[in-house]
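>>> Sequence first, then the predicted structure:
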Amino acid sequence: MPERLHIRPIEARDDAAVAAVIRAVMPEFGAVGDGFAINDPEVDWMHRAYAIERAAYFVVEDAGRLLGGGGIAPLLGGDPDTCELRKMYFLPALRGRGAGAALMARCLDTAREFGFRRCYLETLRGMDAAMRLYERSGFRRIDAPLGATGHGGCNTYYLRDL
């Protein structure tokens, strides 16, 4: 990852910037309306939403400017050994700079530290660069969703052993 980029745990002061990133990126891919993470109430208070047991959210900064983030948390309605990679979004200025692979590694390492044995994620067809990152990171596509994420708008699912 380039030297100027920095990954760190989310802080309360980051909530508005993270919400702005999520709300800017999701419409790019048609992820608006019911069934998408953009409507999750936690988008406005991500720091608090990830201050639960076995959860972590990280932000990526470039010269102090927050440009993206992503996290892991227990898979709602899933088995206790499975976490979910959640709300990993980058503004265009961050894409293609190695931040995705670095943040993915940080999230997966954290999931292992928390004792998870698998990591699940949901995405959308059309998020091609993200899907290439998931596959390079060892995720394999599965046919149906797991758990009860509430993101009925997603149409592509991945799982990875940790």
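That came in fine, so what should we check first? In this text, all values refer to a predicted model and were calculated from it rather than measured experimentally. Numbers count the residues shown, from 1 in each chain.

>>> Could you say which helix or strand holds Phe116?
For Phe116, there is no host helix or strand (DSSP states H and E).

>>> thought it was touching Asp79?
No: contact criterion C-beta atoms under 8 Å: Phe116 and Asp79 do not qualify, at 9.9 Å. Just so you know, the C-beta spots here come from the backbone N, C-alpha and C atoms, and that holds for glycine as well.

>>> Looking at these two, which is more packed in?
Between Phe116 and Asp79, counted using other C-beta atoms under 10 Å, the more crowded position is Phe116 (23 against 13).

>>> helix, strand or coil for the nearest residue to the more buried one once chain neighbours are set aside?
Leaving aside its chain neighbours, Phe116 sits nearest to Cys83 (4.2 Å; criterion: C-beta to C-beta, 6 or more residues apart in numbering). Secondary structure, DSSP: H, G, I helix; E, B strand; the rest coil: Cys83 is strand.

>>> Show me what Cys83 is bridged to.
For Cys83, the beta-bridge partners are Pro74, Cys119 (DSSP bridges).

>>> OK, contacts around it?
Going by C-beta atoms under 8 Å, 6 or more residues apart in numbering, Cys83 touches 54, 72-75, 111, 114, 116, 118-120.

>>> in the chain, which helix has the most residues?
Looking across the chain with DSSP state H, the single longest helix is helix 99-113.

>>> Can you tell me what sits against that helix?
1, 5, 7, 56, 58, 60, 67-72, 83, 85, 88, 90, 119, 129-130, 133-134, 136-137, 160, 162.

>>> Put the alpha carbons of that helix into PDB.
The C-alpha coordinates for helix 99-113 follow below in PDB (Å, rounded to 0.1, in the frame of the first residue of the first chain):
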ATOM      1  CA  ALA A  99      -5.900  -0.100  -0.500                       C
ATOM      2  CA  GLY A 100      -8.500  -2.800  -1.200                       C
ATOM      3  CA  ALA A 101      -6.100  -5.600  -0.800                       C
ATOM      4  CA  ALA A 102      -4.500  -4.000   2.300                       C
ATOM      5  CA  LEU A 103      -7.900  -3.400   4.000                       C
ATOM      6  CA  MET A 104      -9.100  -6.900   3.100                       C
ATOM      7  CA  ALA A 105      -6.000  -8.400   4.700                       C
ATOM      8  CA  ARG A 106      -6.600  -6.200   7.900                       C
ATOM      9  CA  CYS A 107     -10.200  -7.300   8.100                       C
ATOM     10  CA  LEU A 108      -9.500 -11.000   7.600                       C
ATOM     11  CA  ASP A 109      -6.600 -11.000  10.100                       C
ATOM     12  CA  THR A 110      -8.900  -9.300  12.600                       C
ATOM     13  CA  ALA A 111     -11.600 -11.900  11.900                       C
ATOM     14  CA  ARG A 112      -9.100 -14.700  12.600                       C
ATOM     15  CA  GLU A 113      -8.100 -12.900  15.900                       C
END
